[in-house]
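Novice: Everything below, folded, please.
(2 chains, ligands or ions: 2)
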Amino acid sequence: MGGISILKEREKQIYQKGTQPFDMSCEKKSLAGSISQRACVFCGSRVVLYPIADALHLIHGPIGCASYTWDIRGALSSGPQLHRMSFSTDLQEQDIIFGGEKKLYNALVTLIDKYSPNAAFIYATCIVGIIGDDIDSVCRRVSKEKGIPVLPVHSEGFKGTKKDGYKAACDAMAKLVGTGPTEGISPLSLNIMGEFNIAGEAWTIREYYERMGLEVVSVFTGDGRVDNIKRSHGAALNVVQCSGSMMHLAETMNEKYGIPYKRVSYFGLEDMSKALYDVAEHFEGSPEVMEKAQVLVREEINAIYPTLKRYKEKLRGKKAAIYVGGAFKAFSMIKALKSLGMDVVLAGSQTGNSDDYKLLRNMCDDGTVIVDDANPLELSKYSIEKGVELFIGGVKERPIAYKLGIGFCDHNHERKLSLAGYSGMLNFAREVYSSVTSPVWQFAPARKSS
Amino acid sequence: MKIQGKTEYKATSNACKLCSPLGASLVFRGIENCVPLLHGSQGCSTYIRRYLISHFNEPVDIASSNFTEETAVFGGAANLKLAMDNIIEQYHPDLIGVATTCLSETIGDDVPLILRDYIRDNRNGDNTAIVPVSTPSYSGTHIDGFHGAVRATVDAIAEKKNRAGMNINIFPGMMSPADHRHLKEILSDFGVGYHMLPDYSQTLDGPMWSEYQKIQEGGTPIKQIASMGDASASIEIGRILSETKSAGKLLAERFEVPCHNLGLPIGIKETDAFFDAVSTITGKPMPEKYSEERGRLVDAYVDGHKYVFEARAVLYGEEDLVVGLASFLSEIGVIPVLCASGGKSGHLKGKLCQVVDEFDAKGIEVLDGVDLVEIGDVAKEISPDFFIGSSKGYKIAREMSKPLIRIGFPIHDRMGGARIVHIGYRGAQQLFDIISNTILAARQDASPVGYAYM
Ligand code: SF4
Ligand code: SF4
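Specialist: Residues are numbered from 1 along each chain as shown, chains lettered A, B, ... in the order given. Ligands and ions are numbered 1, 2, ... in the order given. Just a heads-up that it's a prediction; the model follows:
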């Protein structure tokens, strides 16, 4: 593949295991002109807060930022659907010149009157950071007038990366935490954090914990409700998935309320079971929790194992690439793919840090290429070089994979398929199987020529 | 019920429009070996890419100059130049289309000046053509970005060198790749040379690759854009567009290339006008193939006329699309009871009056500058038989249990948005069949008997 060259400045963010000393450069701003797969600070905030279904989400800025994020996530709600609307102040030229505060105020008041949300999140986009609107004071004023929390989210797109957006979202939620009553919360209780209820995943996980005799106080933020977040400081434990997005809030709650946290992943049989056991261990004073966890794990695995085995026979030895937002997800995915007999030959993330990449390196076989904040050229180059047969990523990676005759599995928050828990693992295996073994590839020119 | 124009300080809920750089990016993806570059923060490029990919199912690379906090304070010149360097090094494009975003516009970056500097400092060793276009989203929608990019490209590249031969410039506007393909087919069948800008018939609806393509093959060659000043005429599509400072007007003013402004050729009347214009320019009659297509279409109109007669439709989308659709629906007997757009040129109603017979008698509601919540509110009072527009109307259609016929852009919840033919007799044929069948299906499903004959 002499044809695809890598930019000099990007070389330090690409590593091939076994060939070089490991010195991965990461957590950098994306290089100008390199077509990064990342989004922006606002995107980070929006994805985290989006599933809170009884809150108003108003995007303060010109129209695009709101248009492109309308109903974009597959985060389900069992009740209100307000989160699936797209609200924007749709700033116009005169607002840019004279400031958008008045418009923000009016838009906010009108929307609150119309939809009666239990809280409102106001997202500042790039422009707002430049024209200098004081959104904090508008929020305070409206909050006072309307009697609901109105929380500014400082997510100006250029002020960092997606990770800073996660933090801004956590800061906004931290203002809600601790403002509700905690009476009646069981000592055997927890908050599920970093689980967004894509295709009902949070419901699956919640049900597991409930079968273990644990009370779930609040889910951050899948099928989220403002009142649950307010009383979430009454929980005995925070269980944090997808470390990137919610760790900041877990740490804040640890400092402020002394709530310990555990990091888990619900993806793949191994990590899913470990999550339940780790949580059960935390409640060691109540040994029945562990007993129930053991029964649960046994039952669930027994139920899916025979089918899983059938898929494994078909998938053994196939080569996979993983490119996801957070590195933590990549770890689980590598394990899950290995459990299906597949080899991971390319792995990377948009936002991993150096510890993540060290761990990733240790998990991977020799020859595996590891990339940080990659672009389409790099992903294509290594997919071709490594003979990838399955690519796991988001919508932006899908067409590249397909054009090159590579199977694809969507593991992003836009998907409509539950991949968490035991049932999710079965879905995942089926999804991988259906893409990798489809008969359509017989017509793919890239496969024929290789 | 009159909510024409909205109060100034209102939120937009479920917008019926997108932002300008999206339109510009589409145009640049329709130029051969071109990379679009958005001058602003990373998010805008990524979101626009994702939005386009979900519709076209094709890779859409759009670069970003990737603003940081310092850039936002001190200006984006250094970032823009670095982005140019990196794109040239990696992609070796023939052209880089630089569209601004709200951010770079607001901080007041003078992009043409920065790019002149760039060329003067000779950083552009490859002699890549560079086209800057100003696309602030706080004044205009994606369609303004689209036409702006076409005009900026022509402005920067077209020349007059008195080349011989008959050529037509064609500015098709925002259509599907299949529409672009159909237009080219028609012009080829006329046996006339043409330069079509943009042309994403291949770049955004291409075959699989046998090897990796950095920039998908296809698109308008730059050479063709350069020779637009020598064309015998321009055809520019869009009745609303005709009211603006368009690329066709620029060529008319600068190089005296006569410009024919036409409506979107949807349905028989507007397609006839298109063929007439090409015939006038070339002096050739409509090729046999198309008179046959037209004949079959008229025949089908007659076969199905009763099923669609006085059906009530709500249509929404870009203003020019709405005008084209309204013209088509009216000629088959469907009443476009609500014509709505997120755009606000001020010309929508006037243009609709030109294409819809007995406009006033039909009690047609026209709304511009509206969002999909407002469209839904009015639609609920009107209770139409079907909706026709992008997939973003699904929420309303679902709430009202009415069918939605998906056309235009975006179509995010169905296959094949890029392959829909809207234009020409062929497009009208397909639309007519879909509309008739949608109405028949609704009737059949609602019937207690459910006949297996019509
Ligand atoms: S800032 Fe402007 S250009 Fe960027 S996404 Fe928002 S509306 Fe579009
Ligand atoms: S304008 Fe800023 S906040 Fe909005 S999408 Fe672009 S980068 Fe993100």
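Novice: Give the bridge partners for the residue lying closest to A:Gln13 once chain neighbours are set aside, please.
Specialist: In space, and not counting its chain neighbours, A:Gln13 is closest to A:Asp372: 4.2 Å by C-beta to C-beta, 6 or more residues apart in numbering or on different chains. Backbone N, C-alpha and C define where each C-beta goes, glycine included. In this entry, A:Asp372 is beta-bridged to A:Ser349, by DSSP bridges.
Novice: where does A:Asp372 land on pLDDT?
Specialist: Note for A:Asp372: predicted pLDDT of 85.
Novice: mind checking how far the closest residue to ligand 1 within the stretch 151-300 of chain B is from chain A?
Specialist: Proximity of the stretch 151-300 of chain B to ligand 1 (C-beta to the nearest ligand atom) peaks at B:Ala152, 16.2 Å away. The gap separating B:Ala152 from chain A is 19 Å, by C-beta to the nearest C-beta, to the nearest Å.
Novice: can you pull the contacts of that residue?
Specialist: Shown in contact with B:Ala152 (C-beta atoms under 8 Å, 6 or more residues apart in numbering or on different chains): B:Val131, B:Pro132, B:Val133.
Novice: Tell me where the stretch 51-200 of chain A has strands.
Specialist: Secondary structure of the stretch 51-200 of chain A (DSSP state E, counting those that start in this stretch): strands at A:55-60, A:87-88, A:119-124, A:150-153, A:189-195.
Novice: What is the shortest one packed up against?
Specialist: Same thing as strand A:87-88. Where contact means 3 or more C-beta pairs under 8 Å, 6 or more residues apart in numbering or on different chains; DSSP states H and E, strand A:87-88 is packed against strand A:55-60, helix A:63-67, strand B:12-13.
Novice: Is the shortest one positioned near ligand 1?
Specialist: Put plainly, it is strand B:12-13. No: on the criterion C-beta under 6 Å from any ligand atom, strand B:12-13 is out of touch with ligand 1, staying 11.4 Å away.
Novice: which bits of chain B sit near ligand 1?
Specialist: With C-beta under 6 Å from any ligand atom as the criterion, chain B meets ligand 1 at residues B:Cys19, B:Pro21, B:Gly40, B:Cys44, B:Tyr47, B:Thr101, B:Cys102, B:Leu103, B:Ser137.
Novice: Please parse the chain into its domains.
Specialist: Using chain A. A:2-25+A:316-415, A:41-173, A:189-298 (automatic domain parsing).
Novice: You answered for a different chain; I wanted chain B.
Specialist: Split into domains by automatic domain parsing, chain B comes to B:20-157, B:167-282, B:288-446.
Novice: what's the most buried one of the ones you listed?
Specialist: Greatest average neighbour count among these goes to domain B:20-157 (a mean of 23), per mean count of other C-beta atoms under 10 Å in any protein chain shown.
Novice: Whatever residue of the stretch 351-450 of chain A ends up closest to ligand 2: how many residues sit nearby?
Specialist: Nearest residue of the stretch 351-450 of chain A to ligand 2 (C-beta to the nearest ligand atom) works out as A:Lys396 at 14.5 Å. Counted with other C-beta atoms under 10 Å in any protein chain shown, the neighbours of A:Lys396 add up to 24.
Novice: how about low-confidence regions in chain A?
Specialist: For chain A, applying pLDDT under 70 flags the ranges A:1-3, A:18-22, A:243, A:448-450.
Novice: ok and the residue in it nearest ligand 1?
Specialist: For chain A, C-beta to the nearest ligand atom, closest residue to ligand 1: A:Gly64, 2.4 Å.
Novice: Distance check, the spatially closest residue to that residue that is not a sequence neighbour against A:Ser30.
Specialist: In this structure, A:Gly64 finds its nearest non-sequential neighbour in B:Cys19, 3.0 Å apart by C-beta to C-beta, 6+ apart. Counting by C-beta to C-beta, to the nearest Å, the separation of B:Cys19 from A:Ser30 is 20 Å.
Novice: Would you enumerate the residues in contact with whichever residue of the stretch 201-350 of chain A sits closest to chain B?
Specialist: Nearest to chain B in the stretch 201-350 of chain A, going by C-beta to the nearest C-beta, is A:Gln350, at a distance of 9.9 Å. Residues counted as contacts of A:Gln350 (C-beta under 8 Å, 6+ apart) are A:Ser36, A:Gln37, A:Arg38, A:Lys162, A:Val324, A:Gly325, A:Gly326, A:Asp373.
Novice: So what's the residue count around the first one?
Specialist: Right, A:Ser36. Neighbour count for A:Ser36, taken as other C-beta under 10 Å: 23.
Novice: does it really touch A:Asn375, like I thought?
Specialist: Yes: here A:Ser36 reaches A:Asn375: they are 6.0 Å apart, a contact under C-beta atoms under 8 Å.
Novice: so which helix or strand takes in residue 45?
Specialist: Picking chain A for this. helix A:41-49 (DSSP states H and E).
Novice: ah, no, chain B please
Specialist: helix B:42-56.
Novice: Tell me the helices and strands packed up against that helix.
Specialist: Packing partners of helix B:42-56 (3+ C-beta pairs under 8 Å, 6+ apart): helix A:41-49, helix A:63-67, helix B:20-29, strand B:34-39, strand B:63-64.
Novice: and the helix or strand that contains B:Asp320, what does it pack onto?
Specialist: Assigning secondary structure by DSSP H and E places B:Asp320 in helix B:319-332. With contacts defined as 3+ C-beta pairs under 8 Å, 6+ apart, helix B:319-332 has these neighbours: helix B:267-282, helix B:288-308, strand B:312-316, strand B:335-340, helix B:348-355, helix B:424-446.
Novice: before we move on, back to that, and the contacts of A:Gln350, which two are the farthest apart?
Specialist: Farthest-apart pair in these is A:Ser36 and A:Gly326; separation 15.3 Å (C-beta to C-beta).
Novice: List, one by one, the residues from chain A near ligand 2.
Specialist: Counting by C-beta under 6 Å from any ligand atom, chain A sits next to ligand 2 at A:Cys40, A:Phe42, A:Gly61, A:Cys65, A:Thr125, A:Cys126, A:Gly157.
Novice: Go again with 8 Å.
Specialist: A:39-43, A:61-62, A:64-65, A:68, A:123, A:125-127, A:155-158 (C-beta under 8 Å from any ligand atom).
Novice: what's near enough to touch B:Lys284?
Specialist: Residues in contact with B:Lys284 (C-beta under 8 Å, 6+ apart) are B:Phe190, B:Gly191, B:Val192, B:Val278.
Novice: List the residues that contact the residue nearest to the last one when sequence neighbours are not counted.
Specialist: Taking C-beta to C-beta, 6+ apart as the measure, B:Val278 lies nearest to B:Phe190, with 5.7 Å between them; neighbours along the chain are not counted. Contacts of B:Phe190 were listed using C-beta under 8 Å, 6+ apart, and they are B:Val278, B:Thr282, B:Lys284, B:Pro287.
Novice: next one: A:Lys386
Specialist: Counting by C-beta under 8 Å, 6+ apart, A:Lys386 has contacts A:Lys319, A:Ala321, A:Val345, A:Leu346, A:Gly367, A:Val369.
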